[in-house]
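In: Sharing a model prediction with you, sequence too.
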Amino acid sequence: MRASGTGPGDIAPDGSAVEFYAALPPDTASAALVHAAIPDGASILELGAGTGRVTHPLLDLGHPVVAVDDSAAMLARIEGARTVRSRIEDLALPETFDAVLLMSFLIGYGDRRVLLDACRRHLAPSGHVIVQRESPEMFATAAPSTWERDGVRYRMHDVSRPEPGILSAAIEYRMGDRTWTHRFTSRHLGDEELPAVLAASGLRLDRYLDEARGWILASPL
Ligand SMILES: C[S@@+](CC[C@H](N)C(=O)[O-])C[C@H]1O[C@@H](n2cnc3c(N)ncnc32)[C@H](O)[C@@H]1O
């Protein structure tokens, strides 16, 4: 799926703006949700870690984290975790982890089989994969809109559904006098296909971690 981005500072290959993510507050809510789903002190492999918005609160919660991203400029903002610059698809670390995280809706942007295979091959036998997808409602209702959060003004526009299960959109982020844009195309991972998609990568659905069913907990088959 194609993605691109514009704006001040470095732009990662997937279109994400380094300065934008570096300026956002830590994502303590996502870290708390992950922490509650895995054992205390569980080792974590975080795929697509960016500037460490979730990494840093996970470290604070007592988890050793290895942070992976294919943008060196993103990883340079992470402190306290080992960082690995790699495409998720190509990752082949010698060790396995108690938890592997594939968040930020990345499952919708790439080859889901290849992404989930990368999760599975780094998973300890009793470990868990946590995937954050666009929830069914989020996917169905995405429409041109504006909203504000954490001092950022968001504008979603150019929303289209070129075929069933595919969503294309552009999002503008305004922070003070800085503006970034991000265009993406996402393929929805539907409830009905989830068991087969997970099984193809040697995984099974344990449960959803949230009411909206955006967060998936999976275990080895
Ligand atoms: C939208 S940002 C989110 C970063 C972080 N998870 C957060 O919540 O702040 C997505 C990140 O994933 C990285 N990324 C996207 N696709 C990737 C891939 N296939 N392999 C490695 N990194 C990827 C990008 O470089 C970017 O840093």
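Out: Alright, I've got the coordinates.

In: secondary structure element for the closest residue to the ligand within the chain?
Out: With Cβ to the nearest ligand atom as the measure, Gly50 is the residue of the chain nearest to the ligand, at 2.5 Å. The way it works is simple: take the backbone N, C-alpha and C, and place the C-beta from them, glycine included. When elements are defined using DSSP states H and E, Gly50 is found to belong to no helix and no strand.

In: thought it was touching Ala73?
Out: No: with contact defined as Cβ atoms under 8 Å, Gly50 and Ala73 do not form a contacting pair (10.1 Å).

In: Between the two, point out the one with more neighbours.
Out: In terms of neighbours (other Cβ atoms under 10 Å), Gly50 is the more surrounded of Gly50 and Ala73; the figures are 26 against 16.

In: And stretch 76-92, what's buried?
Out: By 16 or more other Cβ atoms under 10 Å, the buried positions in stretch 76-92 come out as Arg77, Ile78, Ala81, Thr83, Val84, Arg87, Ile88, Leu91.

In: If we check the ligand, which of those are in contact?
Out: Checked against the ligand using Cβ under 6 Å from any ligand atom, the buried residues of stretch 76-92 give the following subset in range: Arg87, Ile88.

In: For Val68, give me its contacts.
Out: Leu45, Glu46, Leu47, Gly48, Ala49, Thr83, Val84, Arg85, Ser86, Ile88, Leu91 (Cβ atoms under 8 Å, 6 or more residues apart in numbering).

In: and of those, the nearest to Asp158?
Out: When the contacts of Val68 are compared for distance to Asp158 (Cβ to Cβ), Gly48 comes out closest, at 23.5 Å.

In: wait, isn't that closest one in contact with Asp69?
Out: Yes: in this structure, Gly48 sits in contact with Asp69. The criterion is Cβ under 8 Å, and the distance is 6.0 Å.
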